[in-house]
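*Asks:* Pasting the sequence and the predicted coordinates here, then a few questions.
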Amino acid sequence: MDWSQHALPSMRLEPRFGDRVVPAFVKRPGSVWAMIAEAVAQNADGEALICGHVRLSWRQVVDRAARIAEGFRKLGLKRGDRVAILLGNRIEFPLLLFAAAHEGLVTVLLSTRQQKPEIAYVLTDCGAKILIHEAGLAGRLPDARDVPDVIHRVAVDDDPHASRFAVLADKAAAAAPVDVSEEDTAMILYTSGTTGKPKGAMLAHCNIVHSSMVFASCLQLTEADRSIAAVPLGHVTGVVANITTMIRCGGALIIMPAFKAADYLKLAARERVTYTVMVPAMYNLCLLQPDFDSYDLSSWRIGGFGGAPMPVATIERLKATIPGLKLMNCYGATETTSPSTIMPGELTASHIDSVGLPCPGARIVAMGPDGRELPHGEIGELWIQSASVIKGYWNNPKATTESFTGGFWHSGDLGSVDADGFVRVFDRQKDMINRGGLKIYSAEVESVLAGHPAVIESAIIARACPVLGERVHAVVVTRTPVAGDVLRAWCAERLSDYKVPETMAITTEPLPRNANGKVLKRQLREHLGT
């Protein structure tokens, strides 16, 4: 099966990033800003961004973004310069993305959960010239001497009179957008690395445009659609499935500062939300609300999910209470600019073990250890090729060479593709924990623990959780007595909060290993009972 039964824009084969040939939409905007310009042309007075008491039309959004763009220009920023953004879910986030697109700047998205060493690494690696941050996060910012490339720091405060953000909002709008190539990098999103050093995935304008068109076409979104951004906007799901997809269809994006199930339900009912993408844990938390059945959610027609499997019980309960809601699995990654597969909503219940069909123009194959494609149904590493696959990692040609072959990205996921095209994901080659859709690499946490003077070695494994799917558990071998709270505090100063081990087993016994010296994590999981 494929998407040929849907009314999709026509596609053709085109060269991409020099040595690739991929199916691409024939008629498409040439950049993120061109996509914004189309949105205002088709729905100028329609609602575009809603956050708290602020409600902006597409006409107002473009005007504000152009004024910020002029602020960038007056600071001396030029096409290709990196703009680092350390903001939570708030109205300034998309406005800054739009303004950067206007000027051909590259936005580097930081997580508000990151700590000083993580932020310093990203700023240094990407060579950001400006850092725009929430005023309340100033204590986490690296010292100026540690990030010499950053020549401007702009604080965004809830009080507009106290915020330095006003320096960017120039009174006059920029005259004209900067010309860019659609293969120019538009955003850099850093992904955790198995060596403990994150890699900067370069999302080009053409990647973002293609992914946004895929979402809008496969989900049949129009300017009448209204989406809630409940996931962090700084992640690929937030920025593509929410922000740029709503640009493509010219609809309205309602921004939640932080997800709380009770607040989500109130907002979804009040704003007559039609579409969202969340992780399954969020749906579960909504269903756990005692007054869930009292909300009128009849307008909600598309519930995208990804990052983790959706429990059958959750699907059945949602179907019973919101019969018009189609649940659609969306499988992807930062390196694929979000969606690689989408499950048609009418097939979710009958294909619950699948993450869906390859998106239009995507090719997904299961490869054996010898680098050869496996027959239908056999399990191998999933390789993904499409117009959404990024060109590589910023400032890291070695990682790019290791992760890409002929335009295919090596996902690290073990899965299969059946004769009808349905993709299944069974396990992960990468030693990764999935905490409610947030990816945690064990090696990164183990590296931080290894820096504590009392620690000899550690192993990070997943502890099963009925709500989040998995939580972080550490088995730590120490040379001197140390309390678990002390080790957690050590990690909290150096890692995003969701990566900090929530439970620990502290021992003086060496970790179990096989003949090759590899830690037997399966044995540790069996002992833990997961």
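*Replies:* In hand now; what should we look at? Numbers count the residues shown, from 1 in each chain.
*Asks:* Name the residues of stretch 219-232 that come out as buried.
*Replies:* Using 16 or more other CB atoms under 10 Å as the test for burial, stretch 219-232 gives 219, 221, 223, 225-232. All C-beta spots, glycine's among them, are computed from the backbone N, C-alpha and C.
*Asks:* Compute the first-to-last residue distance for that stretch.
*Replies:* Chord length of stretch 219-232, first to last residue, is 21 Å (CA to CA, to the nearest Å).
*Asks:* Look up how far residue 415 lies from residue 111.
*Replies:* For residue 111, the distance to residue 415 (CB to CB, to the nearest Å) stands at 27 Å.
*Asks:* Correction: the previous question concerned residue 337.
*Replies:* Applying CB to CB to residue 337 and residue 415 gives a distance of 19 Å.
*Asks:* Repeat that for residue 390.
*Replies:* 20 Å.
*Asks:* Then residue 257?
*Replies:* 35 Å.
*Asks:* same question, residue 470
*Replies:* Relative to residue 415, and taking CB to CB, residue 470 is found at 18 Å.
*Asks:* again, but for residue 340
*Replies:* Distance from residue 340 to residue 415, by CB to CB: 11 Å.
*Asks:* The two - which one has more neighbours?
*Replies:* residue 340 (30 against 20; other CB atoms under 10 Å).
*Asks:* For that one, identify the helix or strand it belongs to.
*Replies:* Residue 340 belongs to strand 338-342 when elements are defined using DSSP states H and E.
*Asks:* Parallel or antiparallel, which strands does that strand pair with?
*Replies:* Note on strand 338-342: by DSSP bridges, its sheet partners are strand 326-333 (antiparallel), strand 357-358 (antiparallel).
*Asks:* now for the ones you listed, which one comes closest to residue 168?
*Replies:* Nearest to residue 168, of all the strands paired with strand 338-342, is strand 326-333, at 31.7 Å by CB to CB.
*Asks:* if we can go back for a sec, any chance of a markdown table for the strands paired with strand 338-342, columns mean pLDDT?
*Replies:* Formatted as a markdown table, the strands paired with strand 338-342 follow (pLDDT from 0 to 100):
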| stretch | mean pLDDT |
| --- | --- |
| strand 326-333 | 94 |
| strand 357-358 | 96 |
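*Asks:* Tell me which of those sits nearest to residue 201.
*Replies:* strand 326-333 (8.6 Å).
*Asks:* Show me the domain layout of the chain.
*Replies:* Per automatic domain parsing, the structural domains of the chain span 22-417, 432-528.
*Asks:* For residue 426, which of these is the nearest?
*Replies:* Closest among the domains of the chain, using CB to CB: domain 22-417, at 5.2 Å.
*Asks:* Any stretches of the stretch 301-450 of the chain with poor pLDDT?
*Replies:* 308-309, 427-431 (pLDDT under 70).
*Asks:* again, only this time at 90
*Replies:* 306-317, 319, 345-346, 348-350, 352-353, 379, 412-415, 425-434, 437-448, 450 (pLDDT under 90).
*Asks:* go on, the stretch 1-150 of the chain?
*Replies:* 1-8, 19, 113.
*Asks:* can you pull out the helices in it?
*Replies:* 32-43, 58-74, 92-103, 116-126 (DSSP state H, counting those that start in this stretch).
*Asks:* any idea which of those is most buried?
*Replies:* Of all the helices of the stretch 1-150 of the chain, helix 92-103 carries the top mean neighbour count, a mean of 26, counting by mean count of other CB atoms under 10 Å.
*Asks:* Break down the stretch 201-350 of the chain into its helices, ranges please.
*Replies:* 205-218, 236, 245-249, 261-270, 280-287, 312-321.
*Asks:* Now render those as CSV, adding mean neighbour count and distance to residue 49.
*Replies:* Shown next, in CSV, are the helices of the stretch 201-350 of the chain (neighbours: other CB atoms under 10 Å; distance: least, CB to CB, whole Å):
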stretch, mean neighbour count, distance to residue 49
helix 205-218, 26, 16
helix 236, 24, 20
helix 245-249, 27, 9
helix 261-270, 16, 14
helix 280-287, 21, 21
helix 312-321, 14, 27
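*Asks:* returning to that earlier point: which parts of the strand holding residue 340 are buried?
*Replies:* Those would be 338-342, for strand 338-342 by 16+ other CB under 10 Å.
*Asks:* Could you export the residues you listed as TSV, including distance to residue 274?
*Replies:* As requested, the buried residues of strand 338-342 are exported to TSV (distance: CB to CB, whole Å):
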residue	distance to residue 274
338	19
339	18
340	24
341	22
342	17
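*Asks:* Please, where are all the helices along the stretch 401-530 of the chain?
*Replies:* Going by DSSP H, counting those that start in this stretch, the stretch 401-530 of the chain shows helices at 442-450, 484-492, 521-528.
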